[in-house]
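Asks: Let's see this in three dimensions:
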Amino acid sequence: MEFNERAFNQRLYNWGVVMFPTSHDITIGNVDTCIRFLLRLLKETNNTLLIVSKPRIYCIERLCKALENYKGRILFRFTITSMWDSLAVKWEIDAPFISERIYCLKYAYRKGWNTSISVEPFLDKNPILLIEAIEKFCTDTIWIGIMTGRKYKYHSVKNIALILSKLKFLPEEIRKKIRLKDSIVNFCKENNIILHRVKYDEDKEESIKRLLTTN
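Replies: Below you'll find the predicted structure:
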């Protein structure tokens, strides 16, 4: 990744929560440039950071070491879409293996970082199995979503309705972490799938949908 001096020197503002990156992922080739910008952002503003990535362990180790002094202002959100490498590689070309992403989640969690998970789009027929396997390494939220603009066999009306009905049987400590992305909420509205006992909260990132929480 070529260093963009103009972008780096742009004026920074106190937006509150800043998501990074907004387009390309953090890779081995650009991680040093990303760290340089993130350190400037953290030093010159009071923003908190949401770092979103399909993580590679080399990059996460570098980020954790470089940003250690700002740990309390950072939330990692790792995209983990399946339990199986063999399935993910068909849809996420050139992305890290699922096994590496889960390793990164465990690494960040055990180093004391705030962690979140994005299961968007979910690729397994039953994403609840994935959620149950990795939720213990998530300190914040777990987001579930589907593909937009293309069809996928497991994103059918029948299967999504079944998944949503099963979520209510998860333990409360897991349910309270779960959020529905707009992709799945809009799908449910378009296909008359009722979201039973859904609590709607407002959040700076977007309007979040907390599923099946206890009132």
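Asks: sec struct for the residue most central in space within the chain, please.
Replies: For the chain, the residue nearest the mean C-alpha position is S118 (3.0 Å; CA atoms, centre = their mean). Secondary structure, DSSP: H, G, I helix; E, B strand; the rest coil: S118 is strand.
Asks: That one and N191, how far apart?
Replies: Distance from S118 to N191, counting by CB to CB, to the nearest Å: 22 Å. For the C-beta atoms, the positions are set from N, CA and C on the backbone; glycine is no exception.
Asks: And V89, by the same measure?
Replies: On the measure of CB to CB, V89 and N191 end up 29 Å apart.
Asks: Give the buried residues for stretch 21-37.
Replies: D25, I26, T27, N30, V31, T33, C34, I35, F37 (16 or more other CB atoms under 10 Å).
Asks: Show me where this protein has its strands.
Replies: Ranges of strands within the chain are 17-20, 48-53, 74-79, 114-119, 142-144, 178-180, 198-202, 207-211, based on DSSP state E.
Asks: Out of these, which is the most enclosed?
Replies: Of all those, strand 142-144 carries the top mean neighbour count, a mean of 24, counting by mean count of other CB atoms under 10 Å.
Asks: contacting residues around E61?
Replies: Contact analysis of E61 by CB atoms under 8 Å, 6 or more residues apart in numbering lists Y107.
Asks: per-residue pLDDT, it?
Replies: As predicted, E61 sits at a pLDDT of 99.
Asks: same deal with the one 5 residues further on?
Replies: A66 is assigned a predicted lDDT (pLDDT) of 99.
Asks: And for it, the neighbour number?
Replies: A66: 16 surrounding residues under other CB atoms under 10 Å.
Asks: Does it touch F37 like I think?
Replies: No. Using CB atoms under 8 Å, A66 makes no contact with F37, being 11.3 Å away.
Asks: Quick check: mean pLDDT of stretch 94-110?
Replies: Stretch 94-110 comes out at a mean pLDDT of 98.
Asks: With stretch 160-177 instead?
Replies: 95.
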